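Asks: I need the structure of the sequence given here:
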Amino acid sequence: MGKSTLALDLAAGLLCLARDPGSRPCRACTACRRVESGGHPDVHRLAPEGAGRQIRIGQVQELASELALLPLEGRCRVAIVEHAQRLNDDAQNALLKTLEEPPAGVTIMLCADEPAGLLPTVVSRCARIRLGPVAPAVVAGIIVERAAVDRLRAEALGRVSGGMVGVALDLAAQPELLLARDRIARTLLDLVGADRRARLAAAAGLLADGVEMTAVAPPADGPPTSDAADPSEAAATPVDLPSRGGRSAKTSPAERRAAVSQVLAVWRDLARDAALAARGARAEIRQHELLEEIADIAARTDAALLARFTERLDVASRALDAYANPELLLDVLLLVWPSAQAPSAGKNAA
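Replies: Next comes the predicted model:
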């Protein structure tokens, strides 16, 4: 939604060298340019690390030590914690003292996808700014301006991104990401009319496309569970996963977990569109290139089943973050993905 972008903009405004405070950030001075390039010594960024993709207590302690020092170049220091919902409990408790009594001239910004992953004691010490999705038309205008793509493609990216400018820019810059996403969606649509054997056989291809997506985009976020990755996952041996080019590639358990996370993200958007189409809200569908296929499936599938399956995907995402087996989770979802009756059989789900 642009949380980190806003945080960097605020950091530039705090460190900008322009004389008139009303013109900060000017985006032209040395300080603004260094913030934009990521090279300003007074801007500290904290992000998840390691197989468990968490922010750990050691990172927070190091940040607190840096913030206790005087600024190197600017008039203040700024800390930006990205994906703050991935601060584990120990790290959040270590951050509390700094939040309660920050050193003079220090500004700390926590960028969290959802507050549920943060302790109430942390949230209560922050001023909350809620960000929402941007209208697809506005996203399209930004894409045309920044990514030099035609208006028609920009509008499609604006819809698919769900109103998230950063996601739309990633899709515009990396066409292979959009292609892998499209293959996942089309495979899932085809499986609505498939039997159990065909559904389970499709898992390897979905995983391969998910791996391709994780190669150019970070996996979807969810709350951390502990200070370390799952021990069984850390000790597991990488396995061969067929790629789209026909070759096999070694993938670690963490990579397969991230791949399934990407598949679930695409699946959630597809199930949402199908549920909307089933209730007659075709104008709200994001994936216009799949409009006819989605409408056909929706006409032959029970709307309530589609809505419940969307909720089940949210539960599955949380289970995945709690180290549920990714391959088993994917198999279960493939088997319970609502089936559509043949066109002549009516609208109720099989």
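Asks: Only the buried residues of whichever strand or helix holds residue 331, if you could.
Replies: Taking DSSP states H and E as the criterion, residue 331 maps to helix 326-336. Within helix 326-336, the residues that count as buried by 16 or more other C-beta atoms under 10 Å are 326-327, 329-330, 333-334. Yep, even glycine has a C-beta here, placed from its N, CA and C like the rest.
Asks: just these now: which is nearest residue 66?
Replies: Distances from residue 66 to those, taken as C-beta to C-beta, are shortest for residue 326 (36.1 Å).
Asks: Could you check how far the closest one is from residue 287?
Replies: Between residue 326 and residue 287 the distance, using C-beta to C-beta, to the nearest Å, works out to 24 Å.
Asks: Which of the helices and strands in the protein ranks last by mean pLDDT?
Replies: helix 231-235 (a mean of 42; mean pLDDT, DSSP states H and E).
Asks: any idea where the helices of the stretch 251-350 of the chain begin and end?
Replies: Remark: helices assigned in the stretch 251-350 of the chain by DSSP state H, counting those that start in this stretch are 253-278, 291-299, 303-321, 326-336.
Asks: most tightly surrounded among the ones you listed?
Replies: helix 253-278 (a mean of 24; mean count of other C-beta atoms under 10 Å).
Asks: Mind checking the pLDDT average for that helix?
Replies: Averaged over helix 253-278, pLDDT sits at 86.
Asks: Hey, what's the angle from the helix holding residue 331 to helix 253-278? Just curious.
Replies: Per axes from the mean of the first three to the mean of the last three C-alpha atoms, to 10 degrees, the angle that helix 326-336 makes with helix 253-278 is 20 degrees.
Asks: contacts for helix 326-336?
Replies: Residues outside helix 326-336 that contact it (C-beta atoms under 8 Å, 6 or more residues apart in numbering): 191, 196, 199-200, 202-203, 206-207, 253, 256-257, 259-260, 263-264, 267, 309, 312-313, 316, 319-320.
Asks: If we use 10 Å, what do you get?
Replies: 188, 191, 194, 196, 198-204, 206-207, 210, 233, 239, 253-261, 263-264, 267, 305, 308-309, 312-313, 316-317, 319-320, 324-325 (C-beta atoms under 10 Å, 6 or more residues apart in numbering).
Asks: Equivalent analysis for stretch 25-43, please.
Replies: By C-beta under 10 Å, 6+ apart, the list of residues contacting stretch 25-43 from outside reads 7-20, 24, 45, 66-67, 69-80, 105-106.
Asks: So for residue 181, what's the pLDDT?
Replies: In this model, residue 181 carries a pLDDT of 86.
Asks: Name all residues that make contact with it.
Replies: Counting by C-beta under 10 Å, 6+ apart, residue 181 touches 160, 171, 209-210, 212-213, 217, 262-263, 265-266, 269-270, 287.
Asks: Reformat the residues you listed as a markdown table; add distance to residue 149.
Replies: Compiled in a markdown table, those are given as follows (distance: C-beta to C-beta, whole Å):
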| residue | distance to residue 149 |
| --- | --- |
| 160 | 13 |
| 171 | 10 |
| 209 | 23 |
| 210 | 25 |
| 212 | 21 |
| 213 | 20 |
| 217 | 18 |
| 262 | 23 |
| 263 | 26 |
| 265 | 22 |
| 266 | 21 |
| 269 | 21 |
| 270 | 23 |
| 287 | 18 |
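Asks: any chance of the helices of the stretch 251-350 of the chain in CSV, plus distance to residue 115?
Replies: Output for the helices of the stretch 251-350 of the chain, formatted as CSV (distance: least, C-beta to C-beta, whole Å):
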stretch, distance to residue 115
helix 253-278, 20
helix 291-299, 32
helix 303-321, 15
helix 326-336, 25
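Asks: State the distance from residue 276 to residue 282.
Replies: As judged by C-beta to C-beta, residue 276 and residue 282 stand 7 Å apart.
Asks: what touches both of these two?
Replies: 294, 298.
Asks: Most widely separated two among the contacts of residue 181?
Replies: Farthest pair in these (C-beta to C-beta) is 212 and 287. Separation: 18.7 Å.
Asks: distance of residue 204 from residue 67?
Replies: Applying C-beta to C-beta, the value for residue 204 to residue 67 is 47 Å.
Asks: how does this structure divide up, domain by domain?
Replies: 3-123, 134-173, 175-345 (automatic domain parsing).
Asks: centre of the chain versus stretch 294-313, how much separation?
Replies: In terms of C-alpha atoms, centre = their mean, to the nearest Å, the centre of stretch 294-313 is set 23 Å apart from its chain centre.
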